[in-house]
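Q: I'd like to go over a predicted model; first the sequence, then the structure.
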Amino acid sequence: MSVLGISTLEEALYRHFLRNPGTAADEMHLLFHASAESAAEAVGRLCELRLLRASQGADGQVLSPTDPATAVDQLIDLRLRELHQQLQAVTQARHLTTSLCAEQGLDALPPQGVERMENIAQIRNRLDDLAFFAREEVLSVDPYTALTADSIAHTRPLDLRCLRRGLRIRNVVIKEALNDPPTLAYLREIAAHGAEIRVTDDVAERIIVFDRSTALVPLDPSDTSRGALMARETGLVAGILALFEKIWAQSVPLADLTEPTDASRDDLSETERQVLQTMCRVEKDEVGARELQISVRTYRRHIADLLRILSAASRAQAALLARERGWI
């Protein structure tokens, strides 16, 4: 009953009186190994909450419990009122932004406005915050040709956390990005967790929108290192949303670009089997390529093919799936 604001001792006392209605509260502290003062306070609070009712008996005052259904309903109503008051207090705390920004010598961003950010670290931190507090969906168009290992390591936990929280993620990437094995594996991984990924042949726009209310676009689409603009103006965000939906409608699902015959293959070629076995034994691609006497680029291409064939999001998952099929 702690979720309803009832302490362990208070719950124990209420349950005792449910089993023993009409009994006195004298020496109740001895039964529950508590001090007389704490037991008296607990009984008093239960009476205030109307979970216990006092009446006069033949031997003095006795206590009877309120019906459990009524008691729980009362506690729920009380807790909801408290939570509503807390929610109001929290939502009214936005005025703190102004005073906190003043500590940094910055002007606070108004609820409806545009903020210019030219520092990459600042942009990344703002994106992290927006992703953390997003409640419904995250939309993005990313015209990258490949993601760096650092970008994947930073983005993966954010995306997976959003997906675990039930957010809808819709992401458009360009087709060229699928030629990069780590990028393709990452897209497959988040898609397996519920993200909706679509692919377009070419797109120049870079867009990200949180909860259809906050949008980020680069200051210079041709040079994202110059900074970004964060918009909350309703008209601007609506225009960016319309552009996203147009790009989304003209793109194709990632799954449609997967070779349908790969998942049904019963065996591997000799080269694919050798690459698979080597991949499971050695960590560095350079070592694996040298063992097989092929170039690192060819070795990595074979690994990308294996990930696609096995519908695996990572090399570790590919190894597990291959063992399940008896390929290693």
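A: All right, it came through fine. Numbers count the residues shown, from 1 in each chain.

Q: For the helix or strand where residue 128 lies, buried residues please.
A: Assigned by DSSP states H and E, residue 128 belongs to helix 120-133. Neighbour counts using 16 or more other Cβ atoms under 10 Å place 123, 126, 127, 130, 131 of helix 120-133 among the buried residues. Yep, even glycine has a C-beta here, placed from its N, CA and C like the rest.

Q: What of stretch 317-328?
A: 317, 318, 319, 321, 322, 327.

Q: could you give the mean pLDDT of the lengthiest helix in the chain?
A: Ranked by number of residues, the top helix in the chain under DSSP state H is helix 68-91. Taken as a whole, helix 68-91 has an average pLDDT of 74.

Q: List the buried residues for that helix?
A: 71, 75.

Q: can I get the CA coordinates of it in CSV?
A: The C-alpha trace of helix 68-91 is given here as CSV (Å, rounded to 0.1, in the frame of the first residue of the first chain):
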residue,chain,number,x,y,z
PRO,A,68,-11.2,-2.5,2.0
ALA,A,69,-12.9,-1.4,-1.3
THR,A,70,-14.0,1.9,0.2
ALA,A,71,-10.6,2.4,1.9
VAL,A,72,-8.6,1.8,-1.3
ASP,A,73,-10.9,4.1,-3.3
GLN,A,74,-10.4,6.9,-0.7
LEU,A,75,-6.7,6.4,-0.8
ILE,A,76,-6.6,6.5,-4.6
ASP,A,77,-8.6,9.7,-4.6
LEU,A,78,-6.4,11.3,-2.1
ARG,A,79,-3.2,10.2,-3.9
LEU,A,80,-4.5,11.5,-7.2
ARG,A,81,-5.2,14.9,-5.7
GLU,A,82,-1.7,15.0,-4.3
LEU,A,83,-0.2,14.0,-7.6
HIS,A,84,-2.3,16.5,-9.5
GLN,A,85,-1.0,19.3,-7.1
GLN,A,86,2.6,18.1,-7.6
LEU,A,87,2.1,18.0,-11.4
GLN,A,88,0.8,21.6,-11.3
ALA,A,89,3.8,22.7,-9.3
VAL,A,90,6.2,21.0,-11.7
THR,A,91,4.6,22.4,-14.8
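
Q: And the contacts of it?
A: Here helix 68-91 makes contact (Cβ atoms under 8 Å, 6 or more residues apart in numbering) with 1, 3, 4, 5, 6, 14, 18, 49, 50, 51, 65, 66.
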